[in-house]
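Visitor: this one's structure only:
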């Protein structure tokens, strides 16, 4: 979601913001009225939600519900009828010390690796989509193209570098694709990001074959104690999930 009204809503409702606001308001009420039941309730609710959002079992469950598009078996990649591959960006690392330049984020690199793998097996042309940068930095799509061509040896046919959101990825990519008579694409992004991405591309009339990567999966051994112990990684995953749920709702309210 672009920052503005939607960004403010996300800050208020997505982890850890929701928990922090509840705790802050609760503590303030307790400071003003030491026996405030509302203050106790808000503080307790905030702490409880912070615990839940930080547990792997909750994070995994929320992301799993987003992973509705199945993996494409390698032997079936050629039979999807797609005319091109579209891979979506996912941010950047600014001034990466070891490279001396900006580089795609770890999330973006996961998508690029799978897109390169798919491209080698299908020989389909590739479009990279990732947007505008501040302070005169190169667009994200240019960073993506450099990695694909220099490190993976996969040529890039099209570069979409004007977008700032997933919806704009689809809007500007669809214009490029239609100009080349491309109607059906393999769309590469994270499995949990795929529903919002697919909705956006279909909104602009592009037929999508989902090619999801990086599935969040339960271990083979069932639940273990660590699944109920909070950690920062789980909180980050929960934040990703909330971003997708809120983003999908926002797109439907604004663009449907």
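Guide: Everything's here; your move. The structure presented is a predicted model; accordingly, all values stated were derived computationally and were not measured. Numbering: from 1, shown residues only.
Visitor: neighbours of residue 143, just the number please.
Guide: Counted by other C-beta atoms under 10 Å, the residues lying close to residue 143 total 25. Backbone N, C-alpha and C define where each C-beta goes, glycine included.
Visitor: show me the contacts for it.
Guide: With contacts defined as C-beta atoms under 8 Å, 6 or more residues apart in numbering, residue 143 is in contact with 92, 102, 103, 104, 108, 130.
Visitor: same deal with residue 82?
Guide: Contact analysis of residue 82 by C-beta under 8 Å, 6+ apart lists 122, 124, 184, 185, 186, 209.
Visitor: hang on, the earlier thing: which of the contacts of residue 143 sit farthest apart?
Guide: Maximum pairwise distance in those, criterion C-beta to C-beta, is 12.3 Å, between 103 and 130.
Visitor: more crowded one of the two?
Guide: Neighbour tally, residue 103 and residue 130, criterion other C-beta under 10 Å: the higher count belongs to residue 130, 28 against 19.
Visitor: Please verify my assumption that the more buried one contacts residue 111.
Guide: No - here residue 130 lies out of contact with residue 111, judged by C-beta atoms under 8 Å, at a distance of 9.8 Å.
Visitor: any shared contact partners between those two?
Guide: Common neighbours of residue 130 and residue 111, counting by C-beta under 8 Å, 6+ apart, are 88, 89, 90.
Visitor: before we move on, what SS does the last one have?
Guide: Counting by DSSP: H, G, I helix; E, B strand; the rest coil, the backbone at residue 90 sits in coil.
Visitor: quick one: it from residue 11, how far?
Guide: Residue 90 is 20 Å from residue 11, where distance means C-beta to C-beta, to the nearest Å.
Visitor: before we move on, what about the second one?
Guide: In this structure, residue 89 and residue 11 are separated by 22 Å, where distance is defined by C-beta to C-beta.
Visitor: ok, now residue 176?
Guide: For residue 176, the distance to residue 11 equals 33 Å [C-beta to C-beta].
Visitor: Who has more neighbours out of these two?
Guide: residue 176 (17 against 13).
Visitor: So which residues of the stretch 51-200 of the chain form helices?
Guide: For the stretch 51-200 of the chain, applying DSSP state H, counting those that start in this stretch gives helices covering 56-64, 106-122, 140-146, 166-179, 194-203.
Visitor: Thanks a lot, catch you later.
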